[in-house]
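K.L.:
Here is my input, please return the structure:
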Amino acid sequence: MKRQKKNDLYKEIKSLRAAVKENCYDCMCGQKKVDCDNPDCPLYLFRPFGDKK
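P.N.:
Numbers count the residues shown, from 1 in each chain. A predicted model of the protein is given here:
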């Protein structure tokens, strides 16, 4: 039972990462690998592209 919960958690984390990545991709008008210049975004710390200072 613990293993199933752990697998479900990993699936949820993967889907959250995908959602953040899709949001950033949409916000940057389809440009990948570009540093985000909007520090007011609530997802700024979790952005998948750019420098994570």
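K.L.:
Quick one, grab the pLDDT at the spatially most central residue of the chain.
P.N.:
Geometric centre of the chain, nearest residue: Val20, 3.1 Å, by C-alpha atoms, centre = their mean. Confidence at Val20, expressed as pLDDT, is 86.
K.L.:
so who does it touch?
P.N.:
43, 46-48 (C-beta atoms under 8 Å, 6 or more residues apart in numbering). Using the backbone N, CA and C atoms, a C-beta is placed for each residue, glycine as well.
K.L.:
Gln4 versus that one, what's the distance?
P.N.:
Distance, Val20 to Gln4, by C-beta to C-beta, to the nearest Å: 25 Å.
K.L.:
Pipe the contacts of Val20 into CSV and attach distance to Met28 and pLDDT per row.
P.N.:
Output for the contacts of Val20, formatted as CSV (distance: C-beta to C-beta, whole Å; pLDDT from 0 to 100):
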residue, distance to Met28, pLDDT
Leu43, 12, 85
Phe46, 14, 82
Arg47, 9, 80
Pro48, 11, 77
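K.L.:
from the residues you listed, which would you call buried?
P.N.:
Among the contacts of Val20, those classed as buried by 16 or more other C-beta atoms under 10 Å are 47-48.
K.L.:
Tell me the one among the contacts of Val20 nearest to Cys29.
P.N.:
Arg47 (14.8 Å; C-beta to C-beta).
K.L.:
Kindly tell me how buried Asp37 is, as a neighbour count.
P.N.:
9 (other C-beta atoms under 10 Å).
K.L.:
likewise Asp35?
P.N.:
Neighbour tally, Asp35, other C-beta under 10 Å: 11.
K.L.:
SS state for it?
P.N.:
For Asp35, the assignment made with DSSP: H, G, I helix; E, B strand; the rest coil gives coil.
K.L.:
quick one: pLDDT of it?
P.N.:
pLDDT at Asp35 comes out at 78.
K.L.:
now swap in Asp40 and tell me
P.N.:
91.
K.L.:
Equivalent analysis for the one 5 residues further on, please.
P.N.:
If you check Leu45, the pLDDT there is 85.
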